[in-house]
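1. sequence unavailable; structure follows:
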Ligand SMILES: Cc1cc2nc3c(=O)[nH]c(=O)nc-3n(C[C@H](O)[C@H](O)[C@H](O)COP(=O)(O)O)c2cc1C
């Protein structure tokens, strides 16, 4: 049996194997950002994963950007998530919530009443977002956060980590890539600030590092993970020094004792993100992007990483671990139902 199926301890998180379910937005929450019974079913079906990382979930109303995505900032959401975590735990699983603040990647058509689109600078993201009400829509012009408001958002993440524990999650993962708020701070085109959060690489990584510190203080670093992908341009961000950014992040988290680092293959051939993270990060490393059973087993056996995460394979294969272990063929997913409402193409894929 491959090491991929052996248990592991990542900080305070106990994994029964090293097959991790990667975070995937699936848009099955209510339009009030509350998790649904379909989500309880969907996550429980995938509880044989060593670790489930939930879909991106907003720490605040202002952090919302997409339709039917969940939040973890009010009592109704916390109670609804509790049903998800109870079902996953009853099925023997471990689950963390991925905290995703969309920042400027947001449209008023997807946002709760009274919320606002904010970002490091008043510069619009040149992308369109799907909405249930008007189809594709331009992003809002973000309002530039004042210096004290940046610290307020860090507090929102701290509270969200506490809420996550109250909701029964085993921990949290900071979504630090794909053009959302932490990545906006790390990007030259989205961040033109002149305070301690803008300018040099050291200043631009300050926001994610302070968020990780705040969440670690709140719930213990052994329950906090961080996801990053060097040179990722998704959602209109750009960083001309991705190697320096990765280095500054690794230096910043070196002494934090985080539960894990979750690294996606760099979007530039100039950086071997897995090797750099492995050499410099002393905690558990999860790697991602494009793996299958064989390449994942090989990576874990060779010590490239402690675990591998899978997103797309998890869509149509709820029992992915069992399918990998028995060498069974994988089912294909339906693209048309990735973000549609309801159980079809979501919790109806058979084990
Ligand atoms: C439908 C879908 C939704 C996704 N949503 C998220 C998300 O909410 N947060 C995140 O960090 N990555 C998200 N991703 C990226 C995946 O976690 C993963 O990095 C990517 O699909 C590559 O891994 P794979 O080759 O195993 O699919 C999403 C991917 C897909 C296909």
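-> In hand now; what should we look at? Keep in mind the model is a prediction, meaning the values are calculated, not measured.
2. stretch 311-319 and the ligand, are they touching?
-> Yes. Remark: stretch 311-319 sits within contact range of the ligand at 311-313, by Cβ under 6 Å from any ligand atom. Placement of C-beta: from N, CA and C, glycine included.
3. can you flag the buried ones in those residues?
-> Buried members of the residues of stretch 311-319 next to the ligand, scored by 16 or more other Cβ atoms under 10 Å, are 311, 313.
4. make TSV out of the residues of stretch 311-319 next to the ligand and add secondary structure and pLDDT.
-> Formatted as TSV, the residues of stretch 311-319 next to the ligand follow (DSSP: H, G, I helix; E, B strand; the rest coil; pLDDT from 0 to 100):
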residue	secondary structure	pLDDT
311	coil	98
312	helix	98
313	helix	98
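5. present the residues of stretch 311-319 next to the ligand as TSV; the columns should include distance to residue 195.
-> Output for these, formatted as TSV (distance: Cβ to Cβ, whole Å):
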residue	distance to residue 195
311	36
312	40
313	43
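6. among the residues of stretch 311-319 next to the ligand, which one sits closest to residue 65?
-> Ranked by distance to residue 65 (Cβ to Cβ), these are led by residue 311 at 19.1 Å.
7. quick one: the closest residue to that closest one other than its chain neighbours and residue 110, what's the gap?
-> Excluding its sequence neighbours, the residue lying closest to residue 311 (Cβ to Cβ, 6 or more residues apart in numbering) is residue 22, at 3.8 Å. Residue 22 is 23 Å from residue 110, where distance means Cβ to Cβ, to the nearest Å.
8. output the longest helix belonging to this structure.
-> Looking across the chain with DSSP state H, the single longest helix is helix 147-166.
9. what is it packed up against?
-> Applying 3 or more Cβ pairs under 8 Å, 6 or more residues apart in numbering; DSSP states H and E, we find helix 147-166 packed against helix 75-90, strand 95-99, strand 171-175, helix 206-219.
10. redo these as CSV? Include mean pLDDT and mean neighbour count.
-> Converted to CSV, the helices and strands packed on helix 147-166 look like this (pLDDT from 0 to 100; neighbours: other Cβ atoms under 10 Å):
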stretch, mean pLDDT, mean neighbour count
helix 75-90, 99, 19
strand 95-99, 99, 27
strand 171-175, 99, 28
helix 206-219, 99, 22
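11. okay if I get these as a markdown table plus distance to the ligand?
-> Converted to a markdown table, those look like this (distance: least, Cβ to the nearest ligand atom, whole Å):
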| stretch | distance to the ligand |
| --- | --- |
| helix 75-90 | 15 |
| strand 95-99 | 6 |
| strand 171-175 | 5 |
| helix 206-219 | 14 |
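12. for the longest helix of the chain, buried residues please.
-> Buried, per 16+ other Cβ under 10 Å, within helix 147-166: 150, 153-154, 156-165.
13. any idea how far that helix is from the middle of the chain?
-> In terms of Cα atoms, centre = their mean, to the nearest Å, the centre of helix 147-166 is found 16 Å from the chain centre.
14. start at 304, not 1
-> Okay, using 304 as the starting number, the last item reads as helix 450-469.
15. list the contacts of that helix.
-> Helix 450-469 is contacted from outside by 362-363, 365-366, 375-376, 380-381, 384-385, 399-400, 402, 404, 421, 448, 474-475, 477, 484, 498-500, 510, 513-514, 517-518, 520-522, 526-527, using Cβ atoms under 8 Å, 6 or more residues apart in numbering.
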